[in-house]
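Novice: generate a structure from the sequence data that follows.
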Amino acid sequence: MDLPALIAHYGYATVLVGTMFEGETVLLLAGYSAHLGYLDWAAVAGFAWLGGSLGDQFFFWIGRRHGQRLIARRPALRARVEEAATLIERHPVAIILAMRFLWGLRMAMPIAIGISRVGWRRFVWLNLLSAALWAPLVAGIGWTFGALLAGHAAMLHHYEHWVMAGMAAAALLLRAVMRRSRHKPEPPR
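Specialist: Residues are numbered from 1 along each chain as shown. Next comes the predicted model:
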């Protein structure tokens, strides 16, 4: 099976599962694949909306039911949840709407919201709205990137597999660099 057939066969399931977690890379690649004609852009955005909504609802539920025990056992998560809790207390609506765009806090944010005093009904509706903004935006960036590349390079078709692999590698590298910079020890005072 070649790459286009694999994408067409497993693409939507990958988008659904990938966006339940930190799915920007998967969604960017799916948007690019939609531009290439392997996937339908509207279906990509729909599956991303569903996956993003379900994933954050799950992590909210984890925070509501098991949040305190979870952060007590995981010090790295505790620091992220405490950072998120400070933001939630100040601006709950804005934070829930923007949580998908805060790299590195994607899973910690709904857990922190679950621990907070934000009601579950309020979270459900704001979560659905946030996913409805995020999914087409990120998929659209991937599609637009594909359109820009296609417009400037007629020979791109010969290298599209390498371009997709390069995009995935660049996104993973950026994520690793951001993660590493966040965990640098502070200099002694």
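Novice: against Gly23, how distant is Arg90?
Specialist: 27 Å (CB to CB, to the nearest Å). For glycine as for every other residue, the C-beta is placed from the backbone atoms N, C-alpha and C.
Novice: Leu39 now?
Specialist: Distance from Leu39 to Gly23, by CB to CB: 15 Å.
Novice: and if you look at Ala76?
Specialist: When Ala76 is compared with Gly23 (using CB to CB), they lie 21 Å apart.
Novice: the helix or strand where Leu174 lies: how far from the chain's middle?
Specialist: Secondary structure assignment for Leu174, by DSSP states H and E: helix 156-182. Once both centres are worked out by CA atoms, centre = their mean, to the nearest Å, helix 156-182 turns out to sit 15 Å from its chain's centre.
Novice: who are the packing partners of that helix?
Specialist: helix 24-36, helix 120-152 (3 or more CB pairs under 8 Å, 6 or more residues apart in numbering; DSSP states H and E).
Novice: got JSON lines for those, with mean pLDDT, distance to Gly67 and mean neighbour count too?
Specialist: Formatted as JSON lines, the helices and strands packed on helix 156-182 follow (pLDDT from 0 to 100; distance: least, CB to CB, whole Å; neighbours: other CB atoms under 10 Å):
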{"stretch": "helix 24-36", "mean pLDDT": "87", "distance to Gly67": "24", "mean neighbour count": "24"}
{"stretch": "helix 120-152", "mean pLDDT": "89", "distance to Gly67": "13", "mean neighbour count": "17"}
